[in-house]
Structure formats: C-alpha cells, structure tokens
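Peer 1: Provided below for reference: sequence and predicted model.
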There are 2 protein chains.
Amino acid sequence: MSNESQSKYDLRLVHVMKTSAAIFAEKGYHSTSIRDISRATGMSLSGLYYYFASKEELLFLIQDYCFSTVTSDCKRLIAGVDDPALKLKLLVENHLNYFVKNMNEMKVLSHEANSITGDWFKKVNSKKRQYVDLVKNLLGEIARSQGVKGLDLRVAAFSLFGMMNWIYNWYDSRKDVDVSGLARNITRIFLSGFLGEALVEAEKTGRESHLERPVSVWQQ
Amino acid sequence: MSNESQSKYDLRLVHVMKTSAAIFAEKGYHSTSIRDISRATGMSLSGLYYYFASKEELLFLIQDYCFSTVTSDCKRLIAGVDDPALKLKLLVENHLNYFVKNMNEMKVLSHEANSITGDWFKKVNSKKRQYVDLVKNLLGEIARSQGVKGLDLRVAAFSLFGMMNWIYNWYDSRKDVDVSGLARNITRIFLSGFLGEALVEAEKTGRESHLERPVSVWQQ
DNA sequence: TCTAATATCGAACACTTGTTCGAAGAACCC
DNA sequence: GGGTTCTTCGAACAAGTGTTCGATATTAGA
C-alpha cells in the first residue's frame, strides 16, 4: 500500500500544522517557539525542519491551507445560485461554519495576518482581496436591486467581516448558541441592517414582484 | 513654575507610551524590543525603566489609560440620556471617534488583548466586561421596548464590537469616509439590523406613539 | 540482503531578548 | 555652594531564540 490520497508525509505535515495552529492560537505566533511545537508534537527540534523551511513558512502553510479551503468551499456553494442575497447568506454560513469548526486555524489567519511578511504575505493577501471583492460585489448587486442608498460598500463589507472574524475573541461553542444559530443571528443583523429602509419601503409599497421578499432570505 | 497639571514626569511617560503604542501597533507587541523603543524615543535602554518596571507593565499602562478614557468619555456622554437607542448611538460614535483618533493605542488594546497576563490582564478585562455589559443591557432595553425577538443578545453585542474593533484592519482615514460617516454607516447597519422586522412592523401598524420612530435615531 | 531514498535526531552556533546595577549627570531647595 | 532628590546612562548578564549540520535510524524497492 504505497499511495493513498494522503501520503504518510502529508498526514504528518497536517498533524504538525494542526498542532502548531493550536499553540499559535493559544499563545500567539511570536510567543510560540519551535521548541513548544517540538514538545507538543513529540518530534525533535531539528526533525520539524524536514516539514517546513522556517517558522514563518509554517505560518504561511497554515494560513494558506486554511484560507484556500474556506474560499473554495464558498465558491462551490454559491456556484449556480443567482440571487445575490442568497449568495451572501451562503457565504456567511460557510465562513462561520468553517471558522467555528477550525477555530485555531482561523484565529491564526485573522489574528496573525501581519505576522507574515514578504511574498508569503502577498500571496495570502491577494486571496483575501479576492474574497473581500466578492463580498463587495455581492453587496453592490443587492444594493442596486433593492434600492439601498447612503451606505458605503467598503464600510459595509468590512463591518460584515468584523462581525464574523471577531468571534474568535468571544465565541465559545460550549456556552453560546450553536453555529447555525450564530449564522442566523449574524446574517439577520447584517442583511436586514444593510437593507434598512429599503426593507421598510418594500413592505409599505408591497412591490415584491421584482424583488424577492428580503425576509425570505433568512427564513427557511 | 513647579506644578502644572502635567508634571515633567507625566509628560515624558505619556510620550514614551504614545511612541511605544505606535511601534506596538505597527509590528506587534512581542516583536517590539525595548531597544526599538529606546531608538524611537531617543532614550537609553536602561533609562526607559525609570518609567515602567517591565515591558508588560508598559503594555498595561497603554491599554489601561486608553480604555479608561474611552469608557469615562462614554459615561459622560450618555449620562442623563433616557432613550436606550440614543445611548447606544452615542456609545458607538464615541467608540469609533476615539478609535480613529487614537488608532495606535486602540489597536494595541484590541489586538494585544492576550499579550497581557496576570493581574494586569484581570484589571483591564474587568473594565472591558463592564463595557460589554453596558452594551448588552442597552440592547436588552431596546429589544424589550421595540419587540425585537429571536436575537441572541450576546451575539448581537459582540457583533457590534466586531464591527467597531475590526476597523484597525482596514480603515484608512486618508482614503475612507470620515469618522462621522463611519459612525453613521455602522450605527445604521447595526441598529436597523438589530431592530429588523420590528422596524417593519412599526412602520406597518403605525404604532409610533409609545415608541420613538427608530429611524430618527440616525437621522439628524 | 543490499541500496538508495526518506525521515529523524542531538548538539551546537550566532544572535536577540528583557532586565539589572552602580555610577554619573541634572534640577531643585536651603 | 552644598546636599538631596530626580533622571539618565553604559555595560553586562542570563536566558531563550530560529536555524544548521552531520550523522544516524527507518523504510521501500531491487
């Protein structure tokens, strides 16, 4: 049995990455020493360098792998969907779901965004920019179709990311509402907040013909 | 001239704090060495220790001073105001205003929340908890009076903090909308999002007698 | 079983870190 | 001017850092 989808090497690397992410998440990237990782993985100090070339490359591997998964999952989810508001809802659900299920990695991605430098930083950041642009475009579409006025799209987009990415500072899956509840709450606050008076207008004039009732987005 | 409101010592300490906060904000607390601070302030390495007992105490001084100002400003602002929604609006405005005007310190407060330990951590955190509780209580009042249902107050409160505290990751006062615009956008998104269907209901049934028209909160 | 590639290790290096200490300068009051 | 307190400094220390290197195990294929 020589070749599975995951080679022995890959499995070991992923194990190192997951263990490191947990420590990075707990005490921060810069306060974590390779010796900490060595202790936690049971591998020797120098043995670790067989799996990464430097501590910073390890950080990159974690961030890149984690973010690539989020975005590719997201693209798969919204492919074929037309309604931009529904797309946004799916994006938020996916983002929060992955965040909570991979809290360590996502915390490292969010919190250590500036601990990575040079080409690694550029690579991660260009993916982030694409993701942000996707959200900004969705918001633009929604705004146009629903007649949202007076909101800055950049502020709106980063407000949404703030709501989502801040959760590593407070969310505790043992005490708080579950992930789907979290997603429902955040989607509702943001989307109904983004629509704002447009939502009121839609209700008043009852022009629901060319616009889906916004409420339907988070109900059922 | 021996005694002004700010002694020579105080002025020097504040200068050290401000300079340090700028470096902490730029490269992170753990990646900043006392030698960096020495270089930036023009003081000698050991000379700095006349103003703080340890690097971590310096971090505490920055966080504590910064957060104490935000909260005391906030309390002064909302004292005497009755309407909880207006209180919340003022809190958001104050928070964002101070954040943008003291971006370095607030970034250190937000980003380095876990870089501080022991009693220092406890002291800063108990103040934070009070601040969070204030927001949660305001949201509770608003929810009760306006008939908001189905939202988790903890999620809502931290969503708001996420929107506000995330700005150090993206906001650029040279390119983005100004602070008042930022506050208007965020207040509108959050408050109208928090009210949600209650806002629609209020419009439909026109029962504005015992509830202030929510919209009025961010208009004028 | 031999061989070559893969994987792991201990020991060491060069460097940076926060902090201390005793002494010296500066400012102030009598 | 003398003495006291406040402020600053250079030099050093002990500890911890990321990384390297040569040498071993361990595995897999012939």
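Peer 2: On my side now, so go ahead.

Peer 1: show me where chain A has strands.
Peer 2: Using DSSP state E, chain A contains no strands.

Peer 1: the bottom helix or strand of it by mean pLDDT?
Peer 2: When the helices and strands of chain A are scored by mean pLDDT, DSSP states H and E, helix A:197-205 comes last with a mean of 65.

Peer 1: what about stretch A:67-85, average pLDDT?
Peer 2: Stretch A:67-85 carries an average pLDDT of 96.

Peer 1: and it, what's buried?
Peer 2: A:67, A:70, A:71, A:74, A:78, A:83, A:84, A:85 (16 or more other CB atoms under 10 Å in any protein chain shown). Bear in mind the C-beta positions are built from the backbone N, C-alpha and C, glycine included.

Peer 1: quick check, the residue in chain A closest to DNA strand C?
Peer 2: The minimum distance from chain A to DNA strand C, using CB to the nearest atom of the strand, falls at residue A:46 (2.6 Å).

Peer 1: tell me the pLDDT at that residue?
Peer 2: 97.

Peer 1: now it: how far from residue B:18?
Peer 2: From residue A:46 across to residue B:18, the span is 43 Å (CB to CB, to the nearest Å).

Peer 1: which one's more surrounded, these two?
Peer 2: More neighbours surround residue B:18 than the other of residue A:46 and residue B:18, with 14 against 9 (other CB atoms under 10 Å in any protein chain shown).

Peer 1: surely the more buried one touches residue B:102?
Peer 2: No - in this structure residue B:18 lies outside contact range of residue B:102 using CB atoms under 8 Å: 9.1 Å.

Peer 1: how much space between the residue nearest the centre of chain A and residue A:169?
Peer 2: Closest to where the C-alpha atoms of chain A average out (CA atoms, centre = their mean) is residue A:95, at 4.3 Å. Residue A:95 sits 16 Å away from residue A:169, going by CB to CB.

Peer 1: same question for residue A:34.
Peer 2: Between residue A:34 and residue A:169 the computed distance is 27 Å (CB to CB).

Peer 1: residue A:23 too?
Peer 2: On the measure of CB to CB, residue A:23 and residue A:169 end up 18 Å apart.

Peer 1: those two: who's more crowded?
Peer 2: residue A:23 (20 against 16).

Peer 1: isn't that one right next to residue A:37, touching?
Peer 2: Yes - contact between residue A:23 and residue A:37 holds when scored by CB under 8 Å: they sit 6.3 Å apart.

Peer 1: confidence score at residue A:27?
Peer 2: pLDDT, read off for residue A:27, is 97.

Peer 1: now do the contacts for the residue lying closest to residue A:88 once chain neighbours are set aside.
Peer 2: The shortest distance from residue A:88 to any non-neighbouring residue, by CB to CB, 6 or more residues apart in numbering or on different chains, is to residue A:138 (4.9 Å). By CB atoms under 8 Å, 6 or more residues apart in numbering or on different chains, the contact list for residue A:138 reads A:84, A:87, A:88, A:91.

Peer 1: farthest pair in these?
Peer 2: A:84 and A:91 (10.2 Å; CB to CB).

Peer 1: number of residues surrounding the closest residue to chain B within chain A?
Peer 2: The minimum distance from chain A to chain B, using CB to the nearest CB, falls at residue A:193 (2.3 Å). Neighbours of residue A:193 under the rule other CB under 10 Å: 28.

Peer 1: likewise for residue A:160?
Peer 2: Based on other CB under 10 Å, the number of other residues close to residue A:160 is 31.

Peer 1: swap in residue A:192?
Peer 2: Using other CB under 10 Å, residue A:192 has 24 other residues around it.
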